[in-house]
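Engineer: What follows is a predicted protein model with its sequence.
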Amino acid sequence: MPVYRNIGEFLEFINISKEESTLFEWKPEKSYRRFDLDLNIVKENPVSDIFFHRDKGNMKLAYIRNNGFIYTVGANITVQFQLLEALLEHVSFKFHEMYDVNVIMSYGDFNPAMFQGFKEIIEDIIKNFADLGLVERIQVECRVCNKVLPLFVKKSMIENADSYPVPIVYVHEGHAILCFIDQNFHHRGVELVNITG
Ligand SMILES: [Zn+2]
């Protein structure tokens, strides 16, 4: 079964924070792991509106800061970052659809228990993730692996692009390919690229 059909089994946590405190955190049932250190590192990054990725060896993190809210997801390393970004975008959209958070926060005596009702929403999102129409699965050929690989892209990335085709670098197995995706989610070419960093 593809990972995105079953994404819940690959997730470690989803966290929604403000600078000072966590507003909401989801973890799989029976998970007692804490991610405070990871979240502290995430919060040190002041840049807004850009997704960042961190590779932690046995876990990967994707996060974004947006209007003072910080959204973070931790997952198994087999989950492509585009799936995690799509998940966070949808979680953020649903959170703000459900709560007028800025008004709630302005009460002063805010209590995270106020957001406990979001647990049900987030579990629905996780369960139905593959049917929400947030990602597109594209087959690309890698001539290093000599294989056809599934590449997931967020629909929002393609739909909100300034120009086409949209380039995306797919890093896997210690090397990377540069894929060009057109507005119909077809790839228009794949090149081997050099990586540094
Ligand atoms: Zn390859």
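Structural biologist: Looks like it came in fine.
Engineer: For the protein, just list every one of the strands.
Structural biologist: Along the chain, the stretches classed as strands by DSSP state E are 11-17, 22-26, 52-55, 60-66, 69-75, 135-142, 147-154, 166-172, 175-181, 187-193.
Engineer: tell me the mean pLDDT for the second one?
Structural biologist: Along strand 22-26, the predicted local confidence has a mean pLDDT of 96.
Engineer: That strand: partners in the sheet, and parallel or antiparallel?
Structural biologist: Sheet pairing here is set by DSSP bridges, and for strand 22-26 it gives strand 11-17 (antiparallel).
Engineer: how far out from the middle of the chain is the strand it pairs with?
Structural biologist: In terms of C-alpha atoms, centre = their mean, to the nearest Å, the gap separating the centre of strand 11-17 from the centre of its chain is 10 Å.
Engineer: Could you list the residues in contact with that strand?
Structural biologist: Taking C-beta atoms under 8 Å, 6 or more residues apart in numbering as the criterion, the residues outside strand 11-17 that touch it are 22-28, 31, 33, 35, 39, 43, 59, 69-76, 79, 87-88, 91-92, 95, 115, 122, 126. C-beta: built from backbone N, CA, C; applies to glycine.
Engineer: before we move on, back to that, just put the strands of the chain in CSV and tack on mean neighbour count and distance to residue 2.
Structural biologist: Conversion of the strands of the chain to CSV gives the following (neighbours: other C-beta atoms under 10 Å; distance: least, C-beta to C-beta, whole Å):
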stretch, mean neighbour count, distance to residue 2
strand 11-17, 21, 15
strand 22-26, 19, 22
strand 52-55, 13, 21
strand 60-66, 21, 17
strand 69-75, 23, 14
strand 135-142, 16, 8
strand 147-154, 17, 7
strand 166-172, 16, 16
strand 175-181, 18, 19
strand 187-193, 14, 18
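Engineer: Output the contacting helices and strands for the lowest-mean-pLDDT helix or strand in the chain.
Structural biologist: The least trusted helix or strand in the chain, going by mean pLDDT, DSSP states H and E, turns out to be helix 101-105, with a mean of 84. Secondary-structure packing of helix 101-105 (3 or more C-beta pairs under 8 Å, 6 or more residues apart in numbering; DSSP states H and E): no helix or strand packs against it.
Engineer: Tell me which residues of that helix come out buried.
Structural biologist: Buried positions in helix 101-105, judged by neighbour count with 16 or more other C-beta atoms under 10 Å: 101, 105.
Engineer: And stretch 112-132, by the same measure?
Structural biologist: By neighbour count, with 16+ other C-beta under 10 Å as the criterion, the buried positions of stretch 112-132 are 115, 118, 121, 122, 125, 126, 129, 130.
Engineer: now that we're looking at the nearest residue to residue 126 once chain neighbours are set aside, which residues does it contact?
Structural biologist: Counting by C-beta to C-beta, 6 or more residues apart in numbering, the nearest residue to residue 126 once its immediate chain neighbours are dropped is residue 8, at 4.3 Å. Residue 8 makes contact with 28, 123, 126, 127, 129 under the criterion C-beta under 8 Å, 6+ apart.
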